[in-house]
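K.L.:
how would this look folded up:
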Amino acid sequence: MIITIVGFKGGIGKTSAAVHLACYLQQKDKTLLIDGDPNRSASSWAGRGKLPCDLCDEKSAVKLARGYEHIVIDTKARPEAEDLDALVKGCDMMILPTTPDALAIDALILIVKALPKDANYKILLNIIPPKPSKYGDEAREFLEDAKLPVFNTMIRRYSAYQRAALRGVVVQESGDRMGKIAWADYQKLGAEVMA
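P.N.:
Residues are numbered from 1 along each chain as shown. Next up is the predicted model:
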């Protein structure tokens, strides 16, 4: 399975989603995480520690990809129209992360409108504020009313993700008391992706 993580806006958790989905899929079969973001955020994350999946940049990916069952691609922010078309044709599923705030959802709607009609994509509500905030539920309702495909799983906001990135590990290995709960969100999301 080839999964591409795409977004028009920074700060939506695109790299965190790519890293954690790749690590989840690695538990199922050999998985390659491709860092296609010019900022090399996934590479920086992995460089501070050790991720359970393999990682490379997009230049090395062509040679390496055939040895993997699953591939997760972290793309650059705001891809051009021709890049979007190539990404859609080159993957089995496109995941569009967004935070539940209005500006992020506006950027999400722009990318949805820019996708080719045959795109297989699903929206991931990410960095959801904790209860009693209802922003996540309200964003889901808005997207579902717009007839857009949304994952059932929402990824909640935890400081464990910042610690994981600083240590170069997956969130459940972050040393944060909420790390295992945060990882449970990705286990649920991974099960949805694999279904």
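K.L.:
could you list every helix and strand in contact with the lengthiest helix in the chain?
P.N.:
In the chain, with assignment by DSSP state H, the single longest helix is helix 179-194. Packing partners of helix 179-194 (3 or more CB pairs under 8 Å, 6 or more residues apart in numbering; DSSP states H and E): helix 14-26, helix 160-167. Placement of C-beta: from N, CA and C, glycine included.
K.L.:
got the CA positions of the shortest one in PDB?
P.N.:
Which is helix 160-167. The C-alpha trace of helix 160-167 is given here as PDB (Å, rounded to 0.1, in the frame of the first residue of the first chain):
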ATOM      1  CA  ALA A 160       3.900  13.600  24.000                       C
ATOM      2  CA  TYR A 161       4.200  14.300  20.200                       C
ATOM      3  CA  GLN A 162       6.600  17.200  20.900                       C
ATOM      4  CA  ARG A 163       8.700  14.900  23.200                       C
ATOM      5  CA  ALA A 164       8.600  12.100  20.600                       C
ATOM      6  CA  ALA A 165       9.900  14.500  17.900                       C
ATOM      7  CA  LEU A 166      12.700  15.800  20.200                       C
ATOM      8  CA  ARG A 167      13.800  12.300  21.100                       C
END
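K.L.:
now that helix: buried residues?
P.N.:
Neighbour-count burial for helix 160-167 flags 160-161, 163-165, 167 (criterion: 16 or more other CB atoms under 10 Å).
K.L.:
again with the longest one
P.N.:
Of all the residues in helix 14-26, those buried under the rule 16+ other CB under 10 Å are 14-26.
K.L.:
go on, stretch 97-117?
P.N.:
The neighbour-count check on stretch 97-117 (16+ other CB under 10 Å) flags 97-101, 104-105, 107-109, 111-112, 114-115 as buried.
K.L.:
who touches stretch 160-174?
P.N.:
For stretch 160-174, the external contacting residues (CB atoms under 8 Å, 6 or more residues apart in numbering) are 13, 16, 19-20, 23, 45-52, 158, 175-180, 182-183, 186.
K.L.:
only whichever of the residues you listed are buried, select them in ChimeraX.
P.N.:
Selecting the buried subset of the contacts of stretch 160-174 in ChimeraX, with 16+ other CB under 10 Å as the burial test, is done by:
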select :13,16,19,20,23,45,46,51,158,176,178,179,182,183,186
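K.L.:
output the lowest-mean-pLDDT helix or strand in the chain as PDB, nothing but the C-alphas.
P.N.:
The helix or strand of the chain with the lowest confidence, counting by mean pLDDT, DSSP states H and E, is helix 81-89 at a mean of 85. C-alpha atoms of helix 81-89 as PDB (Å, rounded to 0.1, in the frame of the first residue of the first chain):
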ATOM      1  CA  ALA A  81      -1.500  21.100  -9.400                       C
ATOM      2  CA  GLU A  82       0.800  18.900 -11.500                       C
ATOM      3  CA  ASP A  83       2.400  17.500  -8.400                       C
ATOM      4  CA  LEU A  84      -1.100  16.700  -6.900                       C
ATOM      5  CA  ASP A  85      -2.000  14.900 -10.100                       C
ATOM      6  CA  ALA A  86       1.200  12.800 -10.000                       C
ATOM      7  CA  LEU A  87       0.700  12.100  -6.300                       C
ATOM      8  CA  VAL A  88      -2.900  10.900  -6.800                       C
ATOM      9  CA  LYS A  89      -1.800   8.600  -9.700                       C
END
